[in-house]
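> sequence and predicted structure, then a few things I'm wondering about:
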Amino acid sequence: IKNIRYKTKIAVIGAGQAGLSAAYHLKRMGLTIGKDFIILDEAPSPGGAWQFRWDSLTLSTVNKIHDLPGMSFEETLSTSDTEVQANTAVPHYFELYEKKFELQVYRPVKVDKVYAHHNRFHIDTNNELFSDLGIINATGTWENPYIPDYPGAALFQGEQLHTKDFKTADYFRGKHVIVVGGGISAIQLLDQISQITTTTWVTRRPPLFREGPFDDMAGHHAVAMVEERVRQGLPPLSVVAVTGLPYTSEIQKIEQRGVLKRFPMFKEITEKGIKWDNGIEQKADVILWNTGFKSSLSHLDAVLPKEVQGGIQMTGRLATMVAKEPRIHLVGYGPSASTIGANRAGSAAAKELLNTLSDVGHSLT
Ligand code: FAD
């Protein structure tokens, strides 16, 4: 039996964009870190999931990384060169941010299971036990890659990888690679791998390219649609799945190379490759699943009420509050799964959770 290491009021679980934003706002509202709230993170260093992403993901190939509250990202860059790697630039920014606002993060601390204990939550981790009145969960999606089930998957003698496993295109040299998925990551990795080796691109639906730039209106519309889903207790869709892909000059270049030749989804996986409905087969050495991520929430299974629609019903100003358990907020989830969304969600969750806890009679500052 573990002793409770820390008994505070609020636990922020995860120190990516969403967790740091929430922590910043808790502190601004007068809470003291270590006494009133704690931040726990599984990763060895600052940077959230960015520290694990592949080297060729640069500031020119990401969409846009929004500033955390109170500190500019751009000012922390040592160069104006946009070819700088996101997996070093963002962790460096987060590290400076944690120092500037004195947001000490307990790491590496992996939360395994949260359970209710009298009027508190007990947070069991890989080493110690924490006890809190409320939770702001900001664990992102990186730890929960999604690969759909296809018949024959276990027979395949080649390698099945997910976006999460991608390090360099060079790894695929001399191999035939089936790239699955119609999102931004699929297309970016297809572009890189197809410059080194042969590829087959398969997607469930023809990819939806947007005409014109990805403007604020399109962003608001996409976020509103995902927000509507989670307010109804439906599982969230990724924001990109709703917006479609911007038809950029990079995409035009890939198209000109003849690589964006899309095949429909196969029916089954065989020992040697894939097979479509019409019986045609394609041999392959690797199937690279760029089929997205789902929220990493399994540590909350015992305390998150699930709806029959398959999701978690959310409420509150920005839909960060769990409708049936308002002492838990999910930030970076559903409509706030972007750097800008995570920022705003952190602020809303901090305010609303403090209100909820003071309504039930806890003195918080
Ligand atoms: P994360 O950055 O994933 O942070 C979650 C943290 O929780 C991690 O530090 C992790 O260690 C910790 N954690 C997880 N589980 C546990 C646990 N059980 N116990 C303790 N700690 C735990 N968004 C944009 O706005 N612009 C972009 O250009 C952009 N590009 C992207 C490119 C790629 C390839 C991907 C995959 C995503 C991209 N996104 C982009 C989405 C964006 O990265 C996230 O939505 C955003 O960073 C929000 O981060 P977060 O804090 O929710 O999650």
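Ah, there it is. Numbering: from 1, shown residues only.
> what about the protein, any weak spots by pLDDT?
1, 212-218, 239-244, 361-365 (pLDDT under 70).
> for the residue positioned nearest the centre of it, give its distance to residue 337.
Nearest residue to the geometric centre of the chain (CA atoms, centre = their mean): residue 141, 3.5 Å. According to CB to CB, to the nearest Å, residue 141 stands 7 Å off from residue 337. The way it works is simple: take the backbone N, C-alpha and C, and place the C-beta from them, glycine included.
> joint contacts of those two?
residue 295 (CB atoms under 8 Å, 6 or more residues apart in numbering).
> please name the nearest non-neighbouring residue to residue 339.
residue 66 (4.0 Å; CB to CB, 6 or more residues apart in numbering).
> enumerate every residue touching that neighbour.
Here residue 66 is in contact with 17, 73, 338-340, 343 (CB under 8 Å, 6+ apart).
> looking at the residues you listed, which are in helices?
Among these, the members falling in helices (DSSP state H) are 17, 339-340, 343.
> how near is the residue nearest to residue 339 to the ligand?
According to CB to the nearest ligand atom, to the nearest Å, residue 66 and the ligand sit 6 Å apart.
> give me phi/psi at that residue?
phi -80, psi 150 (degrees, to the nearest 10).
> which parts of stretch 124-144 are buried?
Neighbour counts over stretch 124-144 (16 or more other CB atoms under 10 Å) mark 124-125, 129-143 as buried.
> so residue 266 touches residue 150, yeah?
Yes. Contact criterion CB atoms under 8 Å: residue 266 and residue 150 qualify, at 7.1 Å.
> so which of the two has more stuff around it?
It is residue 266, of residue 266 and residue 150, that has more neighbours when counted by other CB atoms under 10 Å, with 23 against 16.
> which bits of the stretch 51-200 of the chain sit near the ligand?
Contacts of the stretch 51-200 of the chain with the ligand, taken as CB under 6 Å from any ligand atom, map to 53, 57, 62-66, 110-111, 138-140, 142-143, 185.
> which residue is the nearest non-sequential neighbour of the residue nearest to the centre of the chain?
residue 293 (3.6 Å).
> quick check: beta-bridge partners of the one you found?
residue 145 (DSSP bridges).
> so what's the closest residue to the ligand within the stretch 101-250 of the chain up against?
Nearest residue of the stretch 101-250 of the chain to the ligand (CB to the nearest ligand atom) works out as residue 140 at 2.3 Å. By CB under 8 Å, 6+ apart, the contact list for residue 140 reads 14, 16, 18, 48-49, 295-296, 332.
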